[in-house]
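> Got a sequence here, can you model it:
(one chain, ligands or ions: 2)
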Amino acid sequence: MSTKPVERRRIRPFDAPSNEEIEQYYSGMSRFWHPVLPVASLPAGQPYGLELLGEKIVLARLDGKVVAMQDLCRHFQAQLSLGEIMAGPDGQQCLMCKYHGWQYDSTGQCVGIPQLLPGREIPAEAWVPTYLVQERYDLIWVCLDEHPTFDIPEFPELSDPAFRPGPLRVYEPWSSSAPRAIMGALDDTHFPWVHEHTLGDRSQVAAPDHKVWREGRYLMSQYSILQPRNVTISQTDGKAEPALDTVTYTNFVGVPNVIRLLKDSSDGKRYAIWLATYPIRYNLTQTFWRVARNYDLDPAHDQVYEDFEDIVRAQDKPVVESQRPWLLPPFWTHLEMPLRPADLPLIEYQRWLEELEIMLTV
Ligand code: FES
Ligand SMILES: [Fe+2]
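Residues are numbered from 1 along each chain as shown. Ligands and ions are numbered 1, 2, ... in the order given. This next block holds a predicted model:
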């Protein structure tokens, strides 16, 4: 927790955030793993440039291992993502800059300079920063900090034979910050308003009794609600009544950027929704989604579930994108009015973000 003195500053919701606020968000979020690309989308034999938390990075698979480095050549700062993968002087694959052919190995060290005079050594400063990389859940994850605060959150349903996982889904980026996208999934009191007839019913608008607690690196929330029958958990099977079913949600927020929601029906069915955010910039966030179910395991039925999720996400997108300011305003601004106990999961999520100094709290 920050011990810096509190200084009250005015934030106007429709203004762009200050550089200081953006920097706080970027530096706070940089200490976590972020998924940036499906493994299958990394082109074979070529580098791939992208942006993470406002930082340009380049991915390349060198000798079978994905590496991530700053997308900037040390020579004259051309983007390395324009370059080529080639065999370096020691036979190991390296990334070659397109401008003058400088070559970088998987540690970011420059190992070849075509213009160097014979007998001259490559300058020791000729290197580019590299970042931590993992491949997990069919995604490439990058951490911009050498010491991630937490490991990548678990997704046990993906490897559980009792579950049928759907395909990895990549949605077009939302004009929002990553915490706002996560909060859109953590929030349940919007169901009757944004998802009427799909996830909510306007005869059931009272907030459920949320249990919220921390468990290791997760913020947990749990509640039971009456929800319209739908493919997630309860099909109507042509039976019109009852229209609502009791569904229990157990949510695991891998603070700050991943959420897994488990929906349990009263007859033992479980439906898992997994969302991992990719904060491209403070106001642009790509989302990766995957669902899994332990019933109706026929792969031919996957599309029914995907179609349902497409509807739900299309309902959420304009509302989340409309929220201002883009960066979640700290509690001290009183710009927003979270209600107790209705918004308890969101309040506790934000409290943790502030502890992690992802937001400017002074
Ligand atoms: S700018 Fe990259 S080799 Fe010159
Ligand atoms: Fe929603």
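
> residues in contact with the biggest helix by length in the chain?
Ranked by residue count under DSSP state H, the longest helix found in the chain is helix 302-322. The contact list for helix 302-322 (C-beta atoms under 8 Å, 6 or more residues apart in numbering) reads 164, 166-167, 169, 171, 174-176, 180-181, 184, 190, 194-195, 198-199, 230-232, 273, 287, 289, 291, 293. From N, CA and C alone the C-beta is placed, and that goes for glycine too.

> okay, now the domains of the chain?
44-143, 156-355 (automatic domain parsing).

> so can I have TSV of those domains showing distance to ligand 1, mean pLDDT and mean neighbour count?
As requested, the domains of the chain are arranged in TSV below (distance: least, C-beta to the nearest ligand atom, whole Å; pLDDT from 0 to 100; neighbours: other C-beta atoms under 10 Å):
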stretch	distance to ligand 1	mean pLDDT	mean neighbour count
domain 44-143	3	97	17
domain 156-355	25	94	18
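
> Dump those to CSV, plus distance to Ser18.
CSV is the format used below for the domains of the chain (distance: least, C-beta to C-beta, whole Å):
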stretch, distance to Ser18
domain 44-143, 14
domain 156-355, 10
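
> before we move on, back to that, so which of the contacts of helix 302-322 are in strands?
Judged by DSSP state E, the contacts of helix 302-322 include Arg164, Arg169, Tyr171, Trp174, Ile273, Thr287, Trp289, Val291, Arg293 as members of strands.

> ok, the second one touching Ala276?
The one in question is Arg169. No: checked against C-beta atoms under 8 Å, the pair Arg169 and Ala276 is beyond contact range at 10.9 Å.

> any common contacting residues for these two?
Phe288.

> and the closest residue to Glu84 other than its chain neighbours, what does it touch?
Spatial nearest neighbour of Glu84, chain neighbours left out: Met96 (4.9 Å); criterion: C-beta to C-beta, 6 or more residues apart in numbering. The contact partners of Met96, by C-beta under 8 Å, 6+ apart, come to Gly83, Glu84, Ile85, Met86, Trp102, Gln103, Tyr104, Gly112.

> separation between the last one and Phe76?
Here the criterion is C-beta to C-beta, to the nearest Å. By it, Gly112 lies 16 Å from Phe76.

> so who does the residue lying closest to Leu144 once chain neighbours are set aside touch?
Excluding its sequence neighbours, the residue lying closest to Leu144 (C-beta to C-beta, 6+ apart) is Ser30, at 4.0 Å. Contacts for Ser30 (C-beta under 8 Å, 6+ apart) come out as Leu53, Cys143, Leu144, Asp145.

> The residue nearest to the spatial centre of the chain bridge partners, please.
Nearest to the mean C-alpha position of the chain, by C-alpha atoms, centre = their mean, lies Thr277 at 1.5 Å. Beta bridges link Thr277 to Thr287, judged by DSSP bridges.

> Check the spacing between it and Asp187 real quick.
Thr277 is 15 Å from Asp187, by C-beta to C-beta.

> Which one of the ones in strands among the contacts of helix 302-322 is nearest to Pro118?
Nearest to Pro118 among these: Thr287, at 52.4 Å, using C-beta to C-beta.

> wait, what's in contact with that closest one?
Here Thr287 is in contact with Val170, Tyr171, Pro173, Trp174, Ala181, Leu275, Ala276, Thr277, Tyr278, Arg313 (criterion: C-beta under 8 Å, 6+ apart).

> Determine which two of the residues you listed are furthest apart.
Tyr278 and Arg313 (15.0 Å).

> following the strand or helix carrying Leu37, which helix or strand shows up next?
Taking DSSP states H and E as the definition, Leu37 sits inside strand 34-38. Downstream of strand 34-38, the next assigned helix or strand under DSSP H and E is strand 48-52.

> Just the strands from the stretch 1-150 of the chain, written as ranges.
Applying DSSP state E, counting those that start in this stretch to the stretch 1-150 of the chain gives strands spanning 34-38, 48-52, 55-62, 65-70, 84-87, 93-96, 103-104, 110-112, 130-136, 139-143.
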